[in-house]
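1. Sequence and predicted structure below; questions after.
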Amino acid sequence: MPKPRKHLVSLSDTPYYHCISRCVRRAFLCGVDPLSGFDFSHRRGWIVNRMEKLSRSFAIELCAYAVMSNHYHVVVRVDRDRALAWTEREVVARWLLMFKAPDLVQRWLDGGDMDAGERAAVSGWVACRRERLCNLSWFMRCLNEGIARLANEEDHCTGRFWEGRFKSQALLDERALLACMAYVDLNPIRAGIARTPEHSHYTSIQERCKPGQASSLRPFSGDRDDDKGIPYTLAEYLHLVDWSGRAIRAEKGSIPQDTPPILNRLGMQPMGLLDYLEADPRPLASALGPAAKLRQFARSIGGSFVKGIGLGTRLCPEQP
């Protein structure tokens, strides 16, 4: 039986999460329909545009994404502290980018007179929206619902567009984060629809490779003590993705000699990373990270065990 999302997300353990949504019946509703021959690839652009729009409203940053023919991946960082620091007017302004406000809230924005009860009602409404704007489920709901409405309108039909709830995976340390980002960015290459990362359309790696372009993605800070970005340089990450993309398509054998030094800094075994990137199909573990952090995460979400300890041990060995 599926667990409630509150039992799969623990912001006290990690702000980083990998989410996946798949089209209903695994049909190619975002690509070329093999039966009708219609090409729905433009819907992949809808998803990218909506993700970027929502990231400007929510206290949720995009780290990586890849939109495929019948599913998409997104890696996000939930910044609840930023949402708590917003003023009430900023919360309302962000909410109004997506939805309408009740007349009472609009009257408050316009500076109209209101008694204590009305003011308390406005404060309660704002507090609720503040929580939603740093909630992973609400982010994915706003993303998927908007795309489903557009697709159903285009198809002149009703019904489900997405296959049930989105799946989420907690990323418990920087090794899990970078490995998952590389996995997401390499999806088109692993699927055989792109030859290089920079030519992988509708991916974050392609966006990061475009010089001088304003990006909605969380930047690389290059500083492990800096909370304003991902704690490595963009050049290191691009090297990691490029090397991984070459290695996972090679015949089985020895690891290439040009293993990026970032793996040494991460304390990550090259074979463990390649095993993770090559494994397909596989069920999505509810969390990814070293065994000790996985056990702590299990306790945080009210469980005694979390799937993925074996994979986490191979990918993220315990550091001395």
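-> The structure has been received and is ready for your questions.
2. For the rest of this, base every contact and every neighbour count on C-alpha atoms.
-> OK.
3. if I look at Arg299, how far off is Tyr16?
-> Distance from Arg299 to Tyr16, counting by CA to CA, to the nearest Å: 18 Å.
4. Give me the more crowded residue out of these two.
-> Tyr16 (26 against 14; other CA atoms under 10 Å).
5. Tell me if I'm right that that one and Val74 touch.
-> No. Using CA atoms under 8 Å, Tyr16 is not in contact with Val74, being 10.5 Å away.
6. in stretch 158-172, what's buried?
-> Phe161, Trp162, Phe166, Lys167, Ser168, Gln169, Ala170, Leu171, Leu172 (16 or more other CA atoms under 10 Å).
7. Can you tell me how far the third one is from Leu294?
-> Yep, that's Phe166 we're talking about. For Phe166, the distance to Leu294 - CA to CA - is 21 Å.
8. what's the spacing between the helix or strand harbouring Asn264 and its chain's center?
-> Using DSSP states H and E, Asn264 sits in helix 262-266. For helix 262-266, the distance from its own C-alpha centre to the chain's C-alpha centre is 23 Å (CA atoms, centre = their mean, to the nearest Å).
9. go on, stretch 41-53?
-> Distance of stretch 41-53 from its chain centroid, counting by CA atoms, centre = their mean, is 14 Å.
10. now that stretch: mean pLDDT?
-> Average pLDDT, stretch 41-53: 94.
11. what does it rub up against?
-> The contact list for stretch 41-53, computed with CA atoms under 8 Å, 6 or more residues apart in numbering, reads Cys30, Gly31, Val32, Leu62, Val67, Met68, Ser69, Leu143, Ile147, Ala151, Tyr202, Ser216.
12. tally of neighbours for the fourth one?
-> Neighbour count of Leu62, defined by other CA under 10 Å: 22.
13. Packing partners of the helix or strand containing it?
-> Element membership of Leu62, judged by DSSP H and E, is strand 60-67. On a contact count with 3 or more CA pairs under 8 Å, 6 or more residues apart in numbering; DSSP states H and E, strand 60-67 meets helix 42-57, strand 71-78, helix 174-185, helix 204-208.
14. wait, what's in contact with Leu178?
-> With contact set as CA under 8 Å, 6+ apart, Leu178 has these partners: Tyr237.
15. Mind pulling up the pLDDT for it?
-> At Leu178, pLDDT is 94.
16. Kindly provide the distance from it to Ser69.
-> Leu178 is 24 Å from Ser69, by CA to CA.
17. got it, and Arg89?
-> 39 Å.
18. quick check: angle from the lengthiest helix in the chain to strand 60-67?
-> Of all the segments of type helix in the chain, defined by DSSP state H, the longest one is helix 136-155. Orientation check (axes from the mean of the first three to the mean of the last three CA atoms, to 10 degrees): helix 136-155 against strand 60-67 gives 40 degrees.
19. which secondary structure elements does helix 136-155 contact?
-> helix 42-57.
20. Can you give me the buried ones in the helix it packs on?
-> Using 16+ other CA under 10 Å as the burial criterion, the residues of helix 42-57 that qualify are Arg43, Arg44, Trp46, Ile47, Val48, Arg50, Met51, Glu52, Leu54, Ser55, Ser57.
21. Pull the contacting residues for the residue most central in space within the chain.
-> Nearest to the geometric centre of the chain sits Val75, at 2.3 Å (CA atoms, centre = their mean). Residues in contact with Val75 (CA under 8 Å, 6+ apart) are Tyr16, Tyr17, His18, Cys19, Leu62, Cys63, Ala64, Tyr65, Cys180, Met181.
22. Format the residues you listed as a markdown table; extra columns: distance to Ala235.
-> What follows is the contacts of Val75, written out as a markdown table (distance: CA to CA, whole Å):
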| residue | distance to Ala235 |
| --- | --- |
| Tyr16 | 21 |
| Tyr17 | 23 |
| His18 | 22 |
| Cys19 | 25 |
| Leu62 | 18 |
| Cys63 | 15 |
| Ala64 | 15 |
| Tyr65 | 18 |
| Cys180 | 17 |
| Met181 | 14 |
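23. Name the member of these with the most neighbours.
-> Counting by other CA under 10 Å, top hit in the contacts of Val75: Tyr65 with 28 neighbours.
24. What's the separation between the residue nearest to that residue when sequence neighbours are not counted and Ser244?
-> Spatially, and ignoring its direct neighbours in sequence, Tyr65 is nearest to Val74 (4.2 Å; CA to CA, 6 or more residues apart in numbering). Applying CA to CA, the value for Val74 to Ser244 is 19 Å.
25. picking up where we left off before, so for Arg89 and Ser69, which sits in the more crowded spot?
-> Using other CA under 10 Å as the criterion, Arg89 and Ser69 rank with Ser69 on top: 20 against 12.
26. Fine by me, we can end here.
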